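Colleague: Okay, sequence plus prediction incoming.
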Amino acid sequence: MLVSLKWLEQYVDLQGLEPAVLAEKITRAGIEVDGVADLAEGMKKLMVGEVKEKVKHPEADKLNICQVDFGEEELSQIVCGAPNVAVGQKVIVARPGAHLPGGKIKKAKLRGEVSNGMICSLQELGIEGKLVPKEYSEGIFVLPAETPVGADPLEVLGLYDTVLELGLTPNRSDAMSMLGVAYEVGAILSEDIKLPELDYKESAEKASDYLKLRVDASVENPMYVAKVVKNVKVAESPLWLQQRLMAAGVRPHNNVVDVTNYILMEYGQPLHAFDYDRLGTGEIVVRLANEGEKITTLDDKERTLNTKNLVITNGKEPVAVAGVMGGLNSEVHDGTTTVVIESAYFEGLSVRYTSKDLGLRSDASARFEKGLDPNRVIPAAERAAKLLAELAGGEVLAGSVVFDELDKTPSKVIVSPDFINARLGMKISLDDMVSILKRLKFDVETANGMLYVDAPTRRQDIKIEEDIVEEIARLYGYDEILTTMPIGESTPGGLTAYQAKRRIVRSYLEGVGLYQALTYSLTSDALSQKYALETASVTKLLMPMSEERSTLRQSLIPHLVEAASYNVARQADTVALYEVDSVFLGLTEEGLPLEEEHVAAVITGNWLDHAWQGEQKKVDFFVLKGIIEGLFDRLGLADAVAFERATVAGLHPGRTASVLLNGKRIGLIGQLHPTEQKANGLKETYVMEMNLAAILEVSTEALVYVPVPRFPSMSRDIALVVDRSTAAADLEAIIRQAGGTLLKDVRVFDLYEGDKMEEGKKSVAFSLQYFEPERTLTDEEVVAAHDEVLKALAEANAQIR
Amino acid sequence: MAMEEQLNLLKEEALAKIAAAANSKELNDVRVAYLGKKGPITDLLKGMGKLPAEERPKMGALVNVVRQEVTEVLEARAQLLEEKAIQEQLEKESIDVTLPGRPLKVGSKHPLTKVVEEIEDLFISMGYEIAEGPEVEKDYYNFEALNLPKGHPARDMQDTFYISEEILLRTQTSPVQARTMEKKQGAAVKIICPGKVFRRDNDDATHSHQFNQIEGLVISENITMSDLKGTLDLFAKKMFGQEREIRLRPSFFPFTEPSVEMDISCFKCGGDGCSLCKKTGWIEILGAGMVHPNVLEMAGYDPKKVSGFAFGMGQERIAMLKHGVDDIRHFYTNDVRFLSQFHRTEQ
């Protein structure tokens, strides 16, 4: 909402406050002032001149050489490029030395002709092009003929004004009108309100002689008032009216349309003007549209309606979409003589539906949607009649045509001062409360220590006790509220076990060298299930903004790969990222997707890079696997985890594994398939993703100390030649099984697959630790246990070297 | 030659060789050669049997003196040589200590996580729990239970991604509050809800279709607006410095009444006015208010008996303010050159 202070002063005394000071007061009381604009900013020394002569520039087709009278002894020559410049016009001139928002004006020569300044358009005075009346939008602005030569055009145009831009929250639709803002400012400054005048002379004829009204949809349209004004002369509006509209961000058209817009801004009550003769039937019927019914709206677009759209008809066909936009067929035009003014109350939800449905948002629909003041429907119509009589020479027919089933009673709120103080934690006196409510022009009485408040109908947001609490608090001032802390039973607070362990997972991964990434949950259909640990039905947006962000992901890997690719493309030689976030799988009983928290990582480049000592290690499968193993160790689940060869689409078939937790598949790890690597501009890249929820739900036993060994252990090494496809983990399992209770640890310490091996074979070497906590082992015991191991291995076709 | 003479000769010889030994090996050779079991001194001792009995003690003593002397010189030399060897080794082993060390692999938290954990920890210390909830939500929890019935104009404040007419991507973390209240069945609530939210916005320097909020909710008997102010004051000082002032401005949120926005005195200029605070001296941080009675009622609380406050803010906004980040997209691009800047502590 744009508020001209000059206009506002018509209704409330602004006490001569500086605009910035007033703006701060308004903001602190609850309506945020987003901008304070001085309309005359950057302009000075402009002058009104009269064009006395105009000849074509000999050297330039589009330029005219004008002689302009400023009431001085001599005329001044000004070259003007505007197509509409003409002799006899009173124009705005920036003479040498004048300032415009675009800069300082100097005497100039245009194609050899001297120009003493420039004749100005409104745009050159800093007014937005879309607000300039159409007639002048492509050229200079022409002032009324009676404007004195030599006058200050800023004064004539009313530009010595400041406009406040209010950022309104949805509850304060009352401030979508100058009167509403006046009440607010009046409350802040403790000033009274001067209401607009509504008096005018009625003609002997009655509106009801001209117009019949029927409302067939009283739910959507509980109140409809029409007035008829005869003998209207459609013309340009007076300058003051045009200026006020432009200051409010509305483009002036003609006096009839301008009056309806002026009242829209003044009262917040949207009006519509019909051409009575074009209406044709002397009848207005308000009803819901028929399915498929068509209307061409004022913007010259044909609209197809449905049965939820409310329309104004002439009894035969729609002439307006109620509360949204008028129809072209009944539009006021230059030759209009009789005007029907509509002032109606349309239900907010109905207007909201239709305006969304048709994609038509207007100043009017915005106000209907938020709910009008039911007590302004009639005054707004009367005010329109008065202004049409004054500004368009109209004759107002007596009375109005009215349909009225609208409830106009104010909402009553009974609230105790103690309640107010208890909510606020303050001690405001009853007198102060009453005084604040009176400043707001609320009807308030006190009885039995209670406040009985009738909130005016313009304040549709005041309904319950808490609303009164807020009104009092905001005008009393939040600075007066103390700072205390909640008292009550103390709560332990803290993280849940899950949350605490998740933090441990994060800090572990960071500790081993991964940066935490955040990527988007929405992805493309194609990527939504790529590399997914498990898939289920996908969740898609009804109306995505792009295909790229249309579907909720079931894998974290694709966006991590994108992030790696992004970094590598920007010269990062190493990227190591992890993410903890949800994936969205299928549907739960509640009808929502199952949100499962996963942890994923991507690594590429060098894991170790210490060049001057010649130490460099590229990332490989075992780097990432080591990270995973370390994580499970950290979580006390080292013995519960296992890896098993697997295939996953998009990953290297020979370098991919499932991660098993207590035998259940909860994760995957692997190298990106070379074609994927290439497609993403990546070298060797490894990824992993695990179901974090499944990992964290496994609880671990309490940590109890195991005595530090007092007796030495014995170590035996075995080197085995096996088929290349034999899994080391399987061999280890055989060893552990056969080694019995004395065997406490088994470790791979060497792997050889080189050309000294027989084709299809490899050598794996294990180191075994035998140990008994209570005593020193004898050689015989170890030999016996070890023989069992060797026997079992031989049975499994492992050749012992 | 007399034995004594021989002995002296041997001694001179040994001492000369000891002095000539350049390292411990050569010295050891000397030791073996002269003092060993097959050495000449031992031989001399063995040959003593041929001497007359009365000369034997004298001669024995003499041999021992020589032997003792040679041993002492030899030990001294050995020590000297060892010191020299150590010295040489140290010199050989000397390194350029200014060469770079072997780098440790480091990673770090995302800056938003840093902010969230800082806030979480502050409120945990005041007895709050951390509540989480689904990101794909029912219209009911995201809007209706928060006093935003269908068709409410305030729904326009948040452009929503719908999955179906009733299911949507949550536009705020407030549905977690609604769910928590419902679950607590009338018991007191003290929670912080961090989480991801979504709005139909085109991504640019200040907008992101996905971003993060963190909210707080307290419900109990006799909760007042001054409790809210006190809590927010503490929060502001902890996050932005002890010298911060706060101010509340009236505002509107459908789920609170009264509703306020909280500004803090600008931490860059201290309130004098600068580009960060747009010359106002104040920076908008968060929205808050007293829980709307409709919200309490829908969750099964009696607004006559209990009251509550709620507050909420954007994580990105806090992080951007704290660290001077100028583009919200940095948080989602995962550029390592950005992420790696948040590794260090800042106390």
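Modeller: Everything's here; your move. Owing to the predicted nature of the structure, the values given are computational and were not obtained by experimental measurement.
Colleague: Kindly report the domain assignment for the chain.
Modeller: Since no chain was named, I'll use chain A. Each domain of chain A is listed here as a residue range: A:2-39+A:162-189, A:44-156, A:202-404, A:411-474, A:497-696, A:714-800, per automatic domain parsing.
Colleague: that's the wrong chain, I meant chain B
Modeller: According to automatic domain parsing, the domains of chain B span B:3-93, B:111-342.
Colleague: Can you check which of those gets nearest to residue A:460?
Modeller: Of all the domains of chain B, domain B:111-342 sits nearest to residue A:460, with 10.8 Å by Cβ to Cβ. Placement of C-beta: from N, CA and C, glycine included.
Colleague: And the strands in chain B?
Modeller: In chain order, chain B shows strands spanning B:129-130, B:136-138, B:167-169, B:189-198, B:210-220, B:246-253, B:256-265, B:282-291, B:307-314, with DSSP state E as the criterion.
Colleague: quick revisit: could you point out which of the domains of chain B sits nearest chain A?
Modeller: domain B:111-342 (3.0 Å; Cβ to the nearest Cβ).
Colleague: gap between the closest one and the chain center?
Modeller: Here domain B:111-342 shows a centroid-to-chain-centroid distance of 27 Å under the convention Cα atoms, centre = their mean, to the nearest Å.
Colleague: And the strands in the stretch 351-500 of chain A?
Modeller: If you assign secondary structure with DSSP state E, counting those that start in this stretch, the strands in the stretch 351-500 of chain A sit at A:395-398, A:401-404, A:411-415, A:443-447, A:450-455.
Colleague: Check which helices and strands the third one sits against.
Modeller: Applying 3 or more Cβ pairs under 8 Å, 6 or more residues apart in numbering or on different chains; DSSP states H and E, one finds that strand A:411-415 makes contact with strand A:450-455, helix A:465-476.
Colleague: follow-up on the earlier one: can you list the strands of the stretch 351-500 of chain A in TSV and add mean neighbour count, mean pLDDT and distance to residue A:140?
Modeller: Putting the strands of the stretch 351-500 of chain A into TSV (neighbours: other Cβ atoms under 10 Å in any protein chain shown; pLDDT from 0 to 100; distance: least, Cβ to Cβ, whole Å) gives the following:
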stretch	mean neighbour count	mean pLDDT	distance to residue A:140
strand A:395-398	20	95	36
strand A:401-404	18	96	44
strand A:411-415	16	95	52
strand A:443-447	13	95	53
strand A:450-455	19	96	50
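Colleague: Out of the ones you listed, the one nearest residue A:742 is which?
Modeller: Distances from residue A:742 to each of the strands of the stretch 351-500 of chain A were compared using Cβ to Cβ; the shortest belongs to strand A:411-415, at 82.0 Å.
Colleague: In TSV: the strands of chain B, plus mean pLDDT, mean neighbour count and distance to chain A.
Modeller: What follows is the strands of chain B, written out as TSV (pLDDT from 0 to 100; neighbours: other Cβ atoms under 10 Å in any protein chain shown; distance: least, Cβ to the nearest Cβ, whole Å):
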stretch	mean pLDDT	mean neighbour count	distance to chain A
strand B:129-130	96	20	6
strand B:136-138	96	23	5
strand B:167-169	95	23	7
strand B:189-198	96	23	5
strand B:210-220	96	23	5
strand B:246-253	93	22	3
strand B:256-265	94	24	3
strand B:282-291	95	23	6
strand B:307-314	96	24	6
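Colleague: State the helix or strand in which residue A:687 lies.
Modeller: Secondary structure assigned from DSSP states H and E places residue A:687 in strand A:685-691.
Colleague: which helices and strands does that strand pack with?
Modeller: In terms of contacts (3+ Cβ pairs under 8 Å, 6+ apart), strand A:685-691 is packed against helix A:557-569, strand A:594-604, helix A:621-634, strand A:651-661, strand A:664-672.
Colleague: Which single residue in the stretch 51-200 of chain B comes nearest to chain A?
Modeller: For the stretch 51-200 of chain B, the nearest residue to chain A under the criterion Cβ to the nearest Cβ is residue B:105, separated by 2.9 Å.
Colleague: residues in contact with residue B:190?
Modeller: If a contact means Cβ atoms under 8 Å, 6 or more residues apart in numbering or on different chains, then residue B:190 has A:486, A:491, A:493, B:127-129, B:217-220 as its contacts.
Colleague: For the residue lying closest to residue B:288 once chain neighbours are set aside, give the beta-bridge partners.
Modeller: Here the nearest residue to residue B:288 in space, its sequence neighbours aside, is residue B:311; by Cβ to Cβ, 6 or more residues apart in numbering or on different chains that works out to 3.6 Å. On the basis of DSSP bridges, residue B:311 is bridged to residue B:216, residue B:288.
Colleague: Please tabulate the contacts of residue B:190 in TSV, including the columns distance to residue A:434.
Modeller: Converted to TSV, these look like this (distance: Cβ to Cβ, whole Å):
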residue	distance to residue A:434
A:486	30
A:491	39
A:493	42
B:127	39
B:128	39
B:129	42
B:217	33
B:218	31
B:219	31
B:220	31
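Colleague: Which of the residues you listed sits closest to residue A:55?
Modeller: For the contacts of residue B:190, the minimum distance to residue A:55 (Cβ to Cβ) is 76.7 Å, reached by residue B:217.
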